[in-house]
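S.K.: task: produce atomic coordinates for the following.
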Amino acid sequence: MDYATYPRLVVEDIVRLRRRIRRAGLPPRRTDANVIVGTWNIQKFGGFHPDWLENPSSPKRNLRGLAIIAEVVRCFDVIALQEVLRDTAALRYLMEHFLGPHWAVLLTDVTAGDKGNTERLAYLYDTRRVVLSGLSGEIVLPPAPAGLPEQFDRTPYIAGFRAGKEHFTLLTAHIRYGSLPADRLPELQRIARHTAEELRARTRAGQSREEPNLLVLGDFNIDKRQGNPLFDAFVETGLWVPEALQTVKTTTGKAAKHYDQIAWFQGEDFGLRPSGLAGTIDFSGAVFQELAQAQVSPRVSDHLPLWIEFSTDRSEEAMATVLGAEPGQPDPFSGVPD
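M.R.: Residues are numbered from 1 along each chain as shown. Now for the predicted structure:
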């Protein structure tokens with residue numbers, strides 16, 4: 001999509017959104033230097049109104065909403081999406097008319113049954129920056145002595161990627177919301193245990209080379225983090241949320257909710273190097289300013305995108321090794337004369 005064809009209202013939205021992106025501290029994408037991973041629950045991402053103007057009926061998401069979503073997605077190298085619906089018209093239009101031919105998508109089929117809510121999970125990725133490793137699949141819990149365990153309402157989705165020489169694995173999920181917060185606990189416990197006892201354990205034991213550097217990300221419907229039994233269940237097997245993400249809210253409402261997470265297991269088996277930069281992009285009040293936030297949600301989303309940067313430049317580490325210096329020192333090259 002050519003920015004010169006955007007209506008004035010949309011251009012003003014984009015200008016304000018870019019200011020929010022800069023304030024969020026989101027770094028530019030740099031070849032051979034970094035990879036930026038995101039996650040976003042885009043509310044009921046299904047059909048759309050194929051016009052810049054408002055739809056008096058439904059759906060409310062139009063080309064203006066898609067332009068805003070595209071502006072956010074372009075900030076990342078790969079982003080996990082939740083609440084992609086059976087109807088993928090908006091997703092496909094976003095890919096073809098806003099993101100362009102360098103972007104690709106992986107997505108699941110629709111989880112059957114009422115609990116699945118006709119939802120899919122998806123990954124969008126920029127093929128100029130990230131390629132697939134070959135791994136892709138849905139998580140099905142293995143049989144236990146008592147029989148086949150209850151499965152997830154919406155089957156989590158795992159996929160492998162490579163950015164330069166860095167291989168990493170993403171596992172995204174949209175955990176059951178339920179009538180009460182306690183309804184979410186069983187699925188949170190299942191995903192925490194499966195990632196630790198199956199995926200990570202196989203990798204650490206050398207039984208599989210296909211799930212390195214596992215990141216668990218998505219909408220886990222955790223109201224708050226510290227001191228919350230839901231968050232405690234999520235991290236009970238060792239998953240760790242980086243400090244930069246431990247206090248940020250991830251929804252657009254006035255009450256701070258922490259539904260969305262990015263986490264991994266710390267240890268020698270996690271080789272990605274976080275730069276320390278992570279956060280959200282808060283578009284609330286920057287776009288569709290003529291509407292109340294409750295009206296913006298079906299046009300963009302009621303969740304904020306969550307992101308984190310990893311460094312992929314290991315040149316200084318390699319040079320320090322050649323010089324016999326310790327790469328972790330503040331200046332491993334201090335012994336090199338000018």
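S.K.: could you pull out the strands in the stretch 201-338 of the chain for me?
M.R.: Taking DSSP state E, counting those that start in this stretch as the criterion, the stretch 201-338 of the chain contains strands spanning 214-219, 239-240, 260-265, 273-280, 306-311.
S.K.: out of those strands, which comes closest to residue 73?
M.R.: Between residue 73 and the strands of the stretch 201-338 of the chain, the shortest separation by Cβ to Cβ is 10.9 Å, and it involves strand 306-311. Backbone N, C-alpha and C define where each C-beta goes, glycine included.
S.K.: now that closest one: how far from the chain's centre is it?
M.R.: Using Cα atoms, centre = their mean, to the nearest Å, the distance from the centre of strand 306-311 to the centre of the chain it belongs to is 10 Å.
S.K.: same question for stretch 107-121.
M.R.: Relative to where its chain is centred, stretch 107-121 has its mean C-alpha point 18 Å off (Cα atoms, centre = their mean).
S.K.: how long is that stretch from one end to the other?
M.R.: Distances were taken as Cα to Cα, to the nearest Å; on that basis the terminal residues of stretch 107-121 are 6 Å apart.
S.K.: what average pLDDT does it get?
M.R.: Along stretch 107-121, the predicted local confidence has a mean pLDDT of 92.
S.K.: winner for burial among the strands of the stretch 201-338 of the chain?
M.R.: Compared across the strands of the stretch 201-338 of the chain, strand 214-219 shows the largest average neighbour count, a mean of 25 (mean count of other Cβ atoms under 10 Å).
S.K.: just checking: what are the partner strands of it?
M.R.: Within its sheet, strand 214-219 is paired with strand 166-174 (parallel), strand 260-265 (antiparallel), according to DSSP bridges.
S.K.: name the residues that touch it?
M.R.: Contact partners of strand 214-219, identified using Cβ atoms under 8 Å, 6 or more residues apart in numbering, comprise 37, 39, 41, 80, 82-83, 121, 156, 168-175, 191, 195, 199-200, 203, 239, 259-265, 270, 272, 303, 306.
S.K.: quick check: residue 184 is in a strand.
M.R.: No. When classified by DSSP: H, G, I helix; E, B strand; the rest coil, residue 184 is found to be helix rather than part of a strand.
S.K.: how much space between it and residue 11?
M.R.: With the distance defined as Cβ to Cβ, to the nearest Å, residue 184 ends up 40 Å from residue 11.
S.K.: list the strands paired with the one helix or strand residue 42 maps to, with their directions.
M.R.: Per DSSP states H and E, residue 42 falls inside strand 34-45. Here the strand partners of strand 34-45, with direction, are listed using DSSP bridges: strand 78-85 (parallel), strand 306-311 (antiparallel).
S.K.: report the central residue of this protein.
M.R.: The centre of the chain sits closest to residue 39, judged by Cα atoms, centre = their mean, with a distance of 1.7 Å.
S.K.: tell me which residues touch residue 325, please.
M.R.: Residue 325 makes contact with 332, 333, 335 under the criterion Cβ under 8 Å, 6+ apart.
S.K.: now, of those residues, which are buried?
M.R.: Of the members of the contacts of residue 325, the ones counted as buried by neighbours, 16 or more other Cβ atoms under 10 Å, are residue 332.
S.K.: ok, so of the contacts of residue 325, who is nearest residue 114?
M.R.: For residue 114, the closest of the contacts of residue 325 turns out to be residue 332, at 58.0 Å, with distances computed as Cβ to Cβ.
S.K.: isn't the closest one right up against residue 324?
M.R.: No. Checked against Cβ atoms under 8 Å, the pair residue 332 and residue 324 is beyond contact range at 9.6 Å.
S.K.: test my guess that residue 42 contacts residue 80.
M.R.: No. Between residue 42 and residue 80 there is no contact, the gap being 10.8 Å when judged by Cβ under 8 Å.
S.K.: list the buried residues of the helix-or-strand element of the chain with minimal mean pLDDT.
M.R.: Within the chain, no helix or strand scores below helix 315-322, which has a mean of 87 by mean pLDDT, DSSP states H and E. Counting neighbours by 16+ other Cβ under 10 Å, one finds that the buried residues in helix 315-322 are residue 320.
S.K.: then stretch 24-39?
M.R.: 24, 26, 29, 34, 35, 36, 37, 38, 39.
S.K.: could you do stretch 142-160 as well?
M.R.: Along stretch 142-160, these residues count as buried under the neighbour rule (16+ other Cβ under 10 Å): 152, 153, 154, 155, 156, 157, 158, 159, 160.
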